[in-house]
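Peer 1: need a 3D model of the following:
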Amino acid sequence: MGGFNTVLGGFPTWVHCHGSDGEDVVVALHSLGLDGASFDSVAKRLLTQRRLLVLAPDLRGHGRSRAPAASIDLDALADDVVELARRQHPRRVHLFGTSMGSVVARLAAARDPRLLKSVTLAASPPYAAPAVARRGDGVLVDGMASVINDTLARWFSPHVREIDDPGVRYAARTLIDMDPRAWAASWEAMSRFTTPAALSHVPVACIAGALDESTPPAAVQQTAGLAGPHASMVVIPGAGHQINLEQPEAVADVLCQVIERSEQICHDRDEGADIGSH
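Peer 2: Residues are numbered from 1 along each chain as shown. Just a heads-up that it's a prediction; the model follows:
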């Protein structure tokens, strides 16, 4: 586990890095208010099952990527992800996003599907909801401490909050360190994104937490319908909104299944091409 500094979209960006420079590359995009460290446990589980490289950038305004709040726009974040994915050439990447990161993943995937082997979306809202812009209200005056309790209540299932879970502690620390201007700008961006085009050439999987009240399974099912004609849906029992923090093993297992599915699709496509060439 480590990371490196790079420049994406003209701004310094920290990228958390796990694993080795293998054939498969997973680019993981975090939730609003967190950072790339939110995938540490998922990456650890993935690396027990496959040889791959996991890259988890701190998106603009989050973690160590302290871009100006005025630069935070989901289309701009998607451009940053496309830039990072293109640097992996000639390898195509497996794109994984959760919550806000899932919207960025959908936007990035629609820009250039040729960069991708698969797309996995966790807790992914189907459409922008103008009302969420209000979640940024007040923090410029009252600070990030004023939103932590409500945010953790939305993010985590009750039983996880009650047991002093390390994922909850990490989320609270990361939230308190966030620039309030970036928090407000990120919610404004989430309130007005354009629903991206469907993907038809790569496997798409959607993951929902059964106890997620922010983006419940019914909403994620809508996302699956919009994401592509062959999108699959997985509901993880007992999980809230921050699925990758509550149940990283289950998320990693779904990701492994998606990677294997993409390999089979590539194999079948190559075999079809070979038959057609005779």
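Peer 1: what comes into contact with the top strand by length along the chain?
Peer 2: As assigned by DSSP state E, the longest strand anywhere in the chain is strand 11-19. For strand 11-19, contacts defined as Cβ atoms under 8 Å, 6 or more residues apart in numbering pick out 1-7, 35-37, 39-40, 43-44, 46-47, 51-58, 60, 63-67, 71, 80, 84. Backbone N, C-alpha and C define where each C-beta goes, glycine included.
Peer 1: how about it: buried residues?
Peer 2: Neighbour-count burial for strand 11-19, with 16 or more other Cβ atoms under 10 Å as criterion, is recorded at Phe11, Thr13, Trp14, Val15, His16, Cys17, His18, Gly19.
Peer 1: stretch 191-203 too?
Peer 2: Residues of stretch 191-203 classed as buried under the neighbour-count rule (16+ other Cβ under 10 Å) are Ser191, Phe193, Thr195, Pro196, Ala198, Leu199, Val202, Pro203.
Peer 1: dump these into TSV; add distance to Val147 and pLDDT as well.
Peer 2: Formatted as TSV, the entries for the buried residues of stretch 191-203 read as follows, by distance: Cβ to Cβ, whole Å; pLDDT from 0 to 100:
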residue	distance to Val147	pLDDT
Ser191	16	97
Phe193	21	94
Thr195	26	90
Pro196	28	89
Ala198	34	90
Leu199	33	87
Val202	36	87
Pro203	36	90
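Peer 1: can you list these in CSV and add secondary structure and distance to Pro248?
Peer 2: Formatted as CSV, the entries for the buried residues of stretch 191-203 read as follows, by DSSP: H, G, I helix; E, B strand; the rest coil; distance: Cβ to Cβ, whole Å:
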residue, secondary structure, distance to Pro248
Ser191, coil, 29
Phe193, coil, 27
Thr195, coil, 28
Pro196, coil, 26
Ala198, coil, 28
Leu199, coil, 25
Val202, coil, 24
Pro203, coil, 21
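Peer 1: which SS class is the most centrally placed residue in the chain?
Peer 2: With distances taken as Cα atoms, centre = their mean, the chain has Gly97 as the residue nearest its mean C-alpha position (1.7 Å). In the three-state summary, Gly97 is assigned as strand, counting by DSSP: H, G, I helix; E, B strand; the rest coil.
Peer 1: wait, doesn't it sit right on Ala109?
Peer 2: No - counting by Cβ atoms under 8 Å, no contact exists between Gly97 and Ala109, whose distance comes to 9.2 Å.
Peer 1: that older thread, can you flag the buried ones in the contacts of strand 11-19?
Peer 2: By 16+ other Cβ under 10 Å, those give 3, 6, 35-37, 39-40, 43-44, 46-47, 52-58, 60, 63-67, 71, 80, 84 as buried.
Peer 1: show me where the stretch 101-250 of the chain has its strands.
Peer 2: Per DSSP state E, counting those that start in this stretch, the stretch 101-250 of the chain has strands spanning 116-122, 204-209, 232-236. These are given in chain order.
Peer 1: what's next to the second one, contact-wise?
Peer 2: Put plainly, it is strand 204-209. With contact meaning Cβ under 8 Å, 6+ apart, strand 204-209 is reached by 118-124, 157, 215-217, 219-221, 223-224, 227-228, 230-236, 238-241, 243, 246-247, 251, 254, 257-258.
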